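**Q** sequence? don't have it. structure:
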């Protein structure tokens, strides 16, 4: 069991139909990600990295091929099953934070727990613990518009963490932040990885990718090449 | 249906937050339902209060009595034909009193409006009733003070009378009326009793009357409008038997052939209640239609605003889906929101309706009767309106693609 990869893609393809043209966003991805990896998915726009992220995050299903997450075939699941997988296994961190604007930090972090029926008292406890991990326990009654960009992203990370998911999936998490704040956020990801979490970051910034141990480069819907930390260091 | 109630608290909380975020819009949306429910409660309360009042008045007409007279209480036939009927006469009263085996009490009732005087005081248009000693039983009246007249007195045209509460107040003030002589249309009658206060019957002051032996009622035998014969059984199960028997007696006295229809009416309490129920039945139907229309309009308003809300909150829906909300959870959220709007309108409408109904009730001097059923129906309907008007927007919300929803700005 423990030897099984966390994620296994087998010839994953995704085709969209836009009007009368077919767009081959992914044209056969084969990839395995082990547990406790820290992976960057890179590539220029149009390379298919967003599509791949949506598939990893179970927001979408592949047109063909298989996606095994913790040895479950996710590619054949119904929408409701996918929702449960998103709830339990995936923690999203978005470029634009995507917090509920009317809800305070605590309530935003509690949201995934509401949808799996965690009782209110337990929920609060877990949400506070998650906010403590990102150093925002003192801001839990603040609404997103009362928080800085960096603080908002921390709330989003706490939300991603709260259900103890298999993967924390971040899409350009520092894209809307200044360099200093971005570095702080990356530090949080580094720490989370050190604590044993699996982190996948979609980015086109090399310095972000430099935090990770492995980067997967996409081009035209295929994996162009991969680098591990070692090879990156060797290159330098 | 179970899943509908799961996490209801969470959804209501979401709904409350959403309503708070758009206070003016939420209020305007609830207004449709509010006005509809307020109208329904207002009219229902009015009708029920009137019903309670009318039932109280009807109970004065004994349920075990029948009243034989020329006209039926509720005229459904051609009035001009009824007018040609012969009046009920004293002779016919005698026959009914003598031959009826079921009736325990029988009394004639002759009425006209007459002027009553005592010393320098005078009252015009006082209801003057001629009857016999059994009238207290047949017509549910009693003396509060003094006594009723005896059989002998009523058969022998003694000039005595029993006066109503208002007559006593107006003519005698603080003076004791017993044994005093009053003049009715100029003829002297000795007061032997004062009636219990009766209040009003559909607005007519029942205390403004004098009661005398029918034999002492001037001109009773020539009375053009005829009289009413009140007959009462002591056991309600024989009411119909008494009625049929009376009908037979009168047909015989009037020598009606089997082919001829009755040319008299035998009235009883349920004629009035039936008639009243018919009228209110129709008005209930009208209200039901008005209510249905206003709730429909209110429901359309809610649906419209919910559709706007779903579009506006596309991103929110995307976020919720990303963190694991299922289709049915999204759907429930929006249905509960619609229910919350509708219920809010319902509750405010009920309060407004009850408050508004106090105004006409006070003017008409009626007690308000707000029934639990009305409130319950109000809640039921508003919930239903919420569910129905929320379903389509909620369905739309639940079917949004999470990726596109997240991308929505």
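**A** Now that the structure is in, tell me what you want to look at. In this text the structure is predicted, and so the values were computed from the model without any measurement.
**Q** Run through the residues of chain B sitting next to chain A.
**A** B:6-7, B:10, B:17-18, B:20-21, B:315-316, B:318-329, B:402-403, B:406 (Cβ under 8 Å from any Cβ of the partner chain). The C-beta positions use only the backbone N, C-alpha and C, and glycine is treated the same way.
**Q** hmm, try it at 10 Å
**A** For chain B, the residues in contact with chain A (Cβ under 10 Å from any Cβ of the partner chain) are B:6-7, B:9-11, B:13-14, B:17-18, B:20-21, B:313, B:315-316, B:318-330, B:398-399, B:401-407, B:409.
**Q** So how do I select the buried members of those residues in PyMOL?
**A** Buried residues within these, by 16 or more other Cβ atoms under 10 Å in any protein chain shown, are selected in PyMOL with:
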select buried, chain B and resi 7+10+11+14+18+313+315+316+318+319+320+321+322+323+324+325+326+327+328+329+330+398+402+403+405+406
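**Q** Show me what counts as buried in stretch A:191-199.
**A** Those would be A:192-193, A:197-199, for stretch A:191-199 by 16+ other Cβ under 10 Å.
**Q** Please identify which pair of the residues you listed lies farthest apart.
**A** Spanning the widest gap among the buried residues of stretch A:191-199 are A:192 and A:198, at 9.3 Å by Cβ to Cβ.
**Q** Show me the common contact partners of these two, please.
**A** Common contact partners of residue A:192 and residue A:198 (Cβ atoms under 10 Å, 6 or more residues apart in numbering or on different chains): A:38, A:91, A:168.
**Q** helices and strands around the one helix or strand residue B:248 maps to, which ones?
**A** Under the criterion of DSSP states H and E, residue B:248 resides in helix B:239-253. Applying 3 or more Cβ pairs under 10 Å, 6 or more residues apart in numbering or on different chains; DSSP states H and E, we find helix B:239-253 packed against strand B:65-69, helix B:90-99, strand B:228-232, strand B:265-268.
**Q** how about it: buried residues?
**A** B:239, B:242-243, B:245-246, B:249-251, B:253.
**Q** and what of stretch A:178-187?
**A** For stretch A:178-187, by 16+ other Cβ under 10 Å, it's A:181-182, A:184-186.
**Q** pLDDT on that stretch, on average?
**A** For stretch A:178-187, mean pLDDT is 93.
**Q** The residue of chain A found nearest chain B: how many residues sit nearby?
**A** Residue nearest to chain B within chain A: residue A:87 (2.3 Å; Cβ to the nearest Cβ). Residue A:87 has 25 neighbours, counted by other Cβ atoms under 10 Å in any protein chain shown.
**Q** again, but for residue B:70
**A** Neighbours of residue B:70 (other Cβ under 10 Å): 18.
**Q** Which parts of the chain are helices?
**A** Just going to use chain A. Using DSSP state H, the helices found in chain A span residues A:49-56, A:79-89, A:105-115, A:120-133, A:149-161, A:179-194, A:206-209, A:229-235.
**Q** That was the other one, I meant chain B.
**A** Under DSSP H, chain B gives helices at B:2-5, B:8-21, B:23-58, B:79-83, B:90-99, B:135-138, B:151-155, B:165-172, B:239-253, B:269-312, B:314-322, B:327-364, B:372-398, B:402-407.
**Q** show me what contacts the residue nearest to the residue of chain A closest to chain B when sequence neighbours are not counted?
**A** Closest residue in space to residue A:87, ignoring its immediate chain neighbours: residue B:324 at 2.3 Å, by Cβ to Cβ, 6 or more residues apart in numbering or on different chains. Each residue near residue B:324 by Cβ under 10 Å, 6+ apart is listed here: A:58, A:82-90, A:92, A:111-116, A:163, A:165.
**Q** Need the distance between the two termini of stretch A:56-71.
**A** 14 Å (Cα to Cα, to the nearest Å).
**Q** any idea how chain B splits into domains?
**A** Listed by automatic domain parsing, the domain ranges of chain B are B:2-57+B:273-407, B:105-229.
**Q** can I get these in JSON lines with mean pLDDT and distance to residue A:213?
**A** Formatted as JSON lines, those follow (pLDDT from 0 to 100; distance: least, Cβ to Cβ, whole Å):
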{"stretch": "domain B:2-57+B:273-407", "mean pLDDT": "86", "distance to residue A:213": "26"}
{"stretch": "domain B:105-229", "mean pLDDT": "89", "distance to residue A:213": "94"}
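**Q** Point me to the residue sitting closest to the centre of chain A.
**A** Geometric centre of chain A, nearest residue: residue A:169, 0.6 Å, by Cα atoms, centre = their mean.
**Q** Residues in a beta bridge with it, which ones?
**A** Applying DSSP bridges to residue A:169 yields these beta-bridge partners: residue A:92, residue A:200.
**Q** Test my guess that it contacts residue A:201.
**A** Yes - between residue A:169 and residue A:201 there is a contact under Cβ atoms under 10 Å: 8.1 Å.
**Q** Return every residue with contacts to both of those two.
**A** A:41, A:53, A:93.
**Q** which of those are close to chain B?
**A** When Cβ under 10 Å from any Cβ is applied, the members of these adjacent to chain B are residue A:53.
**Q** among the shared contacts of residue A:169 and residue A:201, who's most crowded?
**A** Ranking these using other Cβ under 10 Å puts residue A:41 first, with 28 neighbours.
**Q** what pLDDT does that one get?
**A** Per the predicted model, pLDDT is 95 at residue A:41.
**Q** Over to the one 10 residues further on?
**A** The model reports residue A:51 with a pLDDT of 92.
**Q** List the contacts of the residue lying closest to it once chain neighbours are set aside.
**A** Leaving aside its chain neighbours, residue A:51 sits nearest to residue A:25 (4.1 Å; criterion: Cβ to Cβ, 6+ apart). Going by Cβ under 10 Å, 6+ apart, residue A:25 touches A:13-16, A:46-52, A:54-55, A:60, A:62-63, A:220-221.
**Q** Repeat that for residue B:90.
**A** B:108, B:110, B:130, B:214-215, B:220-221, B:223, B:226-227, B:229.
**Q** Buried ones among those?
**A** Looks like the contacts of residue B:90 have B:108, B:110, B:130, B:214-215, B:220, B:223, B:226-227, B:229 buried, using 16+ other Cβ under 10 Å.
**Q** Flag the shaky bits of chain A, pLDDT-wise.
**A** Scanning chain A for pLDDT under 70 picks out A:1-3, A:230-236.
**Q** All the strands of the stretch 101-250 of chain B, residue numbers only.
**A** B:105-118, B:121-131, B:143-146, B:160-163, B:181-184, B:187-195, B:200-201, B:204-205, B:209-213, B:228-232 (DSSP state E, counting those that start in this stretch).
**Q** Compare the ones you listed and give me the one nearest residue B:259.
**A** Residue B:259 lies closest, by Cβ to Cβ, to one member of the strands of the stretch 101-250 of chain B: strand B:228-232, at 25.0 Å.
**Q** Any buried residues in the closest one, and which?
**A** B:228-232.
**Q** in the stretch 201-350 of chain B, what residue is nearest chain A?
**A** For the stretch 201-350 of chain B, Cβ to the nearest Cβ, closest residue to chain A: residue B:324, 2.3 Å.
**Q** From residue B:226, how far out is the closest residue to residue B:86 other than its chain neighbours?
**A** Once flanking residues are discounted, residue B:86 sits nearest to residue B:263: 6.5 Å by Cβ to Cβ, 6+ apart. Residue B:263 sits at a distance of 12 Å from residue B:226 (criterion: Cβ to Cβ, to the nearest Å).
**Q** for residue A:36, same thing?
**A** 109 Å.
**Q** go on, residue B:252?
**A** Relative to residue B:226, and taking Cβ to Cβ, residue B:252 is found at 18 Å.
**Q** can you check residue B:35 too?
**A** 53 Å.
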